[in-house]
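A.B. asks: Predicted model and sequence below, questions to follow.
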Amino acid sequence: GENVEQHPSTLSVQEGDSAVIKCTYSDSASNYFPWYKQELGKRPQLIIDIRSNVGEKKDQRIAVTLNKTAKHFSLHITETQPEDSAVYFCAACYSGNTPLVFGKGTRLSVIA
Amino acid sequence: DVKVTQSSRYLVKRTGEKVFLECVQDMDHENMFWYRQDPGLGLRLIYFSYDVKMKEKGDIPEGYSVSREKKERFSLILESASTNQTSMYLCATLPVGQPQHFGDGTRLSIL
């Protein structure tokens, strides 16, 4: 089955700097890769996702890149703000209708 | 907007009790999931269901069962609660062609 590894487990950055979180997956059949943000005491919420037919997707300060050959994908947050502080989870699955397999999460702290 | 409602935000039970966690969605979605979230371990899939009366084991089904008698409701059952089942439990639904949506979670403590 699929296995998703996520690094780092914790990340601290100064406000205004960039943050990068990396994930690798094992199943070459996986073709859907979402990223979730979970603020303290709240539900995980989708912030961006990418399908395997594209290599990069951007939404304002957030971007995701996918390298299918190497089986890894990354989340990039630019110009970080204190409200970006949260736990971020990557995930992978086949077709988007099968269960997601999640990474173990990255706790991002943005220091003002 | 997709709404996934979990019946309790916080729940305290005793070891050996039978515990029911309820999840209801209002969008007629077929796919529903139960995850468990623990610090440092991320979200782990317990059970999922693709349709009424259908269920599939996830990665950590031991000690749990599920029930899906109606499309909108997916229940997670702890047959005999143990302290190692103290955790945050998250229900999710998966609309066709859309991302997975989560409920607010139930923080369960087993004493």
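C.D. replies: That came in fine, so what should we check first? Residues are numbered from 1 along each chain as shown, chains lettered A, B, ... in the order given.

A.B. asks: who's in contact with residue 101?
C.D. replies: Went with chain A since none was named. Taking Cβ atoms under 8 Å, 6 or more residues apart in numbering or on different chains as the contact definition, A:Val101 lies against A:1-4, A:25, A:91-93, B:45. Any C-beta I mention is one placed from the backbone N, CA and C, and that applies to glycine too.

A.B. asks: my bad, chain B
C.D. replies: A:46, B:2, B:4, B:92-95.

A.B. asks: Reformat these as TSV; add pLDDT.
C.D. replies: TSV is the format used below for those (pLDDT from 0 to 100):
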residue	pLDDT
A:Leu46	94
B:Val2	73
B:Val4	92
B:Ala92	94
B:Thr93	92
B:Leu94	84
B:Pro95	76
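
A.B. asks: ok, now how distant is the residue in chain B positioned nearest to chain A from B:Glu22?
C.D. replies: The nearest approach of chain B to chain A comes at B:Gly42, 3.9 Å away (Cβ to the nearest Cβ). Distance from B:Gly42 to B:Glu22, counting by Cβ to Cβ, to the nearest Å: 24 Å.

A.B. asks: the more surrounded of these two?
C.D. replies: Counting neighbours by other Cβ atoms under 10 Å in any protein chain shown for B:Gly42 and for B:Glu22 shows that B:Gly42 has the greater number, 22 against 16.

A.B. asks: Can you name the next helix or strand after the one helix or strand A:Lys22 maps to?
C.D. replies: Using DSSP states H and E, A:Lys22 maps to strand A:19-25. Where DSSP H and E defines the elements, the next helix or strand beyond strand A:19-25 is strand A:32-38.

A.B. asks: what does that following strand rub up against?
C.D. replies: Contacts for strand A:32-38 (Cβ under 8 Å, 6+ apart): A:23, A:25, A:44-52, A:64, A:66, A:73, A:75, A:86-96, A:100, A:102, A:105, B:99-100.

A.B. asks: got the angle between it and strand A:19-25?
C.D. replies: Orientation check (axes from the mean of the first three to the mean of the last three Cα atoms, to 10 degrees): strand A:32-38 against strand A:19-25 gives 130 degrees.
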